[in-house]
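Colleague: any chance you can model this:
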Amino acid sequence: MSKSDPKHAFPMRLVLIVVGALVLLGGIALMVVPKFLSPGPRAPLQVIYPQTKTLFPRDMVAPTFRWNDESGATQWVITLEFADGAAPLTAYSDAPAWQASREQWDSTKERSLEKDATVTIRGLAGEDKDMILSEGQLMVRTSEDPVVAPIFYRDVPLPFKEALEHLDSIRWRLGEVSSDKPPRTVLENMRMCGNCHSFTADGKTMAMDVDYGTDKGAYVIAEIGREVVFEKSKVITWSDYRREDGQLTFGLLSQISPDGRYVISTVKDRSVFVPLPELYYSQFFFPVRGILVVYDRQTGQFSALPGADDPYYVQSNPAWSPDGKWVVFTREKGHELKDLKNKHSPVITPEEVKGFVSGNVKMRYDLYRVPFNNGQGGTAEPIPGASDNEKSNFFPKFSPNGKWLVFCQADGYMLLRPDSTLYIMPAHGGTPRRMTCNMADKMNSWHSWSPNGKWLVFASKANGPYTQLWLTHIDEQGNDSPPVLLEHFTASDRAANIPEFVNIPADLLMVIHQRFADDFTQALRAGDINIGTGHYAEAANEFRKALTAKPDSLEALSKLAGALLSLNQVDEALAHLAKAEALSPRNADIQHKLALAMLAQGAYLKAIGYSEKALEVDPHFASARISLAMGYHAAGRLTEAIELYQTIVDTGAADPRLYNHYGEALVEMKDYDRAIPCFRKALQLNPEDSQVRSNLAQALKLQNTITR
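Modeller: Coordinates of the predicted model:
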C-alpha cells in the first residue's frame, strides 16, 4: 500500500487517528492497536530483556524492556494484554527501550498476578509513523511471592588490581528491589581489605573478613542495628589457631552459623592468587591447601572440625545447614607446590603456579558434608551429584527450609570462573538440574537465598565485565524462572558482587562505622599492599603518612626505608634507618636494611659489618645471610661468598636473585658448570628477568669456549 495512492489516503488518516487516540483512565494510557494496520510481513524484533516467561516479584520496581530492531523503525509501540480481557496497556518509545511509569507497572503487576501478560513491541516507520515494520512478543507474569528482604553486597571498581590498590574506593551497599533509588551505601572509605560476609538467620548478627592491622586472618563480628560499629573489641583472628606453627592464615570464605554461636573458616590455607589486567576476569584465585576450623563465640576457643581437617587436602568454602547440624564444604587433594619462595605465606605468586595459569593443571573440587555435632564433627561423605563428576563444584547454599542445595559448577578452580553455572538438587544429594536463570559462559555465581526461600539472588557478567545482580524465583519443586535484573543496583563502571539477603527491615541498618583502624594502621596496611603489588612509590607515600601519625614508629621507619631502597633512593632511606637504629640498636631488620644501603653505595665492608650484626641478633635471618654473601662477593671475597651462597641454597631457599648472584660469583671463579644451573634455576623462578637470561647466555658461551 502506497501513501500516494488516493484510494488509500482516507483509511490511512483514519488509522492515524485511531493509533493516536489515547484514553486516560486513572493516569494509565490505554488503546487498541487495529489489526488492519500495515498488513503484510513484518521483520522480527528481538527482545533482549526480559526473557519470555520471566516471573517478577510483586514488590519489585518496573524493569526496563530492551530490544534489538534492524528494520529501520524509529519509534515503537508497546502493548500489554492481560488475561482479564479488559483494555490493554499501551505506551510509546523513541528508543529501543521502555520502562513503565509507577502507575503503569502497579497496574501491570496487579493484572498479571500469577497470570501471563502478553507484551507486544512493534516498530513504526514512515513520515507519520503509520507503518509497522517489525514485531516481537513475549509473556511475563508477576509472582504472588514478594522478596521483602534487602540485599547486602559489595560495590567495587575493576580490574581487581585497581580495587586492591585503592581500597577506599570499595563500597558496601544495602538495596531493596522495591525501591527505584540506588541502594544505600552503608560502609565506605575502609582502607583495608574486606571480603566475604555473612549474617545469622535472624539478621541480628553479621561477620566479615577484614585485614585489621596487617593480619590477613582478622575477622569482625558485630550486632546489627541502625548504626553498626566495627572496632578492635569485635575482632577475632584465625591466626590464633595454633599460632605456634608459624604459618600465616587468610581465614578464607568464613561463615557464621545460623544461630550466631559459631563461625567456621578455612585456615592454615594456601591459595593461588594472580591479579590479571583484563576487566572481565581480573583475578585468578582458589585455595590449594586448608582445613576447616570452628570458633566458638561462647567459649572463645578455636578447634579443627573433625572430618574436614585433613592437612593433605584442601577443605574450604563451608556452608551451614539451616538447623546448624551439617556443614557442606569443598574438598580436593591438596596440591604440592615446588620451589615456593615463602613456605609460610598463604599466597602463592604467579611464577610458582605456571601450570595452573596455563590451564595444564586444574583443581576440581567435590562437595562433601560432615555432621557438625556441636563442633565434634564426624565422618565426611561426598554428596552424590556434586562430587566425582570431573567438574569443580563449589559455593553450596542451602534453602532456608533445608530442602534444596544450590551450588556452582565449572570445568575447574573456584572463584570468578567464566563457565560457572548454577545447579540445584535435593540437599542430601541427587541428580543436579541446571537452573533456567543461567546465562551461558557469563560467570553465574555468588548466590544467596531470600529468607522466605522463594528467591535467589546471584551475580553474573551477562551484560559485560561489570558484574550485576539478578533474581530468580524458585518454586516448591525446585524449578526456577528466567533471570530478573536488579538494574539500579549497579553503576555502569562498577561491579556488584558477594550479594546476601539480610533478614531485617531495610531501614534497620543505616550505616557501618569502622573504628578499628586509625590513620597509622590504615597507612601501614595500604603501604604493605602496595609493596606486595610492586608499587614502591605509592608504598613510600603511605609509610610517610604513617610516620606523620607516629613519628617514632620503628615499624614505619623500617618499612619506609625498605620502600625507598627499592626505589634506589638510598640517601633518604639512610636518614630513616639512622633514626630507627637509634631507637633500636639491636634490631636485625634495621641492620639488614643498612647493609643493603651500603651495598647500593659501594661500601662493601660496611655492608658486611651490618649483615654480621643482623645475624648476631638473629642467626636464622635468611635475608641477612644473602646480604652478607653479596657483601663478600662485592668485596672480592669470592671463596667466602660461594661457600655462603651454597649454604643458603642448601636450606631450600627459592629466591631468583640468590641464584643469580651465586651464578655470577661462580662465573668469576670460571666455574661455568655450576654457574649455568644457578642461572637456569633463577629463570625458572622468574622467567621474565632479562639480566639472568643474559648471564645464562654468557655463561654458556664461555663454557663452550673452554670445551672447544
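
Colleague: where exactly do the helices run in the stretch 551-700 of the chain?
Modeller: With DSSP state H, counting those that start in this stretch as the criterion, the stretch 551-700 of the chain has helices at 554-566, 570-583, 588-601, 604-617, 622-634, 638-650, 656-668, 672-685, 690-707.

Colleague: make a markdown table from the ones you listed and add mean pLDDT, distance to Glu381 and mean neighbour count to it.
Modeller: Bear in mind the C-beta positions are built from the backbone N, C-alpha and C, glycine included. Shown next, in a markdown table, are the helices of the stretch 551-700 of the chain (pLDDT from 0 to 100; distance: least, C-beta to C-beta, whole Å; neighbours: other C-beta atoms under 10 Å):
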| stretch | mean pLDDT | distance to Glu381 | mean neighbour count |
| --- | --- | --- | --- |
| helix 554-566 | 94 | 47 | 23 |
| helix 570-583 | 94 | 55 | 18 |
| helix 588-601 | 94 | 48 | 23 |
| helix 604-617 | 94 | 52 | 20 |
| helix 622-634 | 91 | 43 | 23 |
| helix 638-650 | 90 | 44 | 17 |
| helix 656-668 | 91 | 44 | 22 |
| helix 672-685 | 90 | 41 | 20 |
| helix 690-707 | 87 | 49 | 14 |
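
Colleague: chain center to stretch 509-516, what's the gap?
Modeller: Taking the mean of its C-alpha atoms, stretch 509-516 sits 22 Å from the chain's own mean (C-alpha atoms, centre = their mean, to the nearest Å).

Colleague: average pLDDT for that stretch?
Modeller: The pLDDT scores in stretch 509-516 average 86.

Colleague: which residues does Ala549 contact?
Modeller: Ala549 makes contacts with 518-520, 523, as judged by C-beta atoms under 8 Å, 6 or more residues apart in numbering.

Colleague: make CSV from these and add secondary structure and neighbour count to it.
Modeller: Output for the contacts of Ala549, formatted as CSV (DSSP: H, G, I helix; E, B strand; the rest coil; neighbours: other C-beta atoms under 10 Å):
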residue, secondary structure, neighbour count
Asp518, coil, 11
Asp519, helix, 13
Phe520, helix, 18
Ala523, helix, 24
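
Colleague: can you list contacts of stretch 421-433?
Modeller: Applying C-beta under 8 Å, 6+ apart, the external contacts of stretch 421-433 come out as 321, 383-386, 398-399, 402-410, 434-435, 437-438, 444-445, 447, 456, 458, 474, 478, 480.

Colleague: give me that answer again for 6 Å
Modeller: Residues from elsewhere that reach stretch 421-433 (C-beta atoms under 6 Å, 6 or more residues apart in numbering): 383-385, 398, 402, 404-407, 409, 434-435, 438, 444, 478.

Colleague: list only buried entries from these.
Modeller: Buried subset of the contacts of stretch 421-433 (neighbour count, 16 or more other C-beta atoms under 10 Å): 383-385, 398, 404-407, 409, 435, 438, 444, 478.

Colleague: what about those residues, which are in strands?
Modeller: The strands, defined by DSSP state E, take in 398, 404-407, 409 from the buried ones among the contacts of stretch 421-433.

Colleague: export these as a markdown table, with columns for pLDDT and distance to Ile608.
Modeller: Shown next, in a markdown table, are these (pLDDT from 0 to 100; distance: C-beta to C-beta, whole Å):
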| residue | pLDDT | distance to Ile608 |
| --- | --- | --- |
| Phe398 | 98 | 62 |
| Trp404 | 98 | 67 |
| Leu405 | 98 | 63 |
| Val406 | 98 | 62 |
| Phe407 | 97 | 59 |
| Gln409 | 96 | 58 |
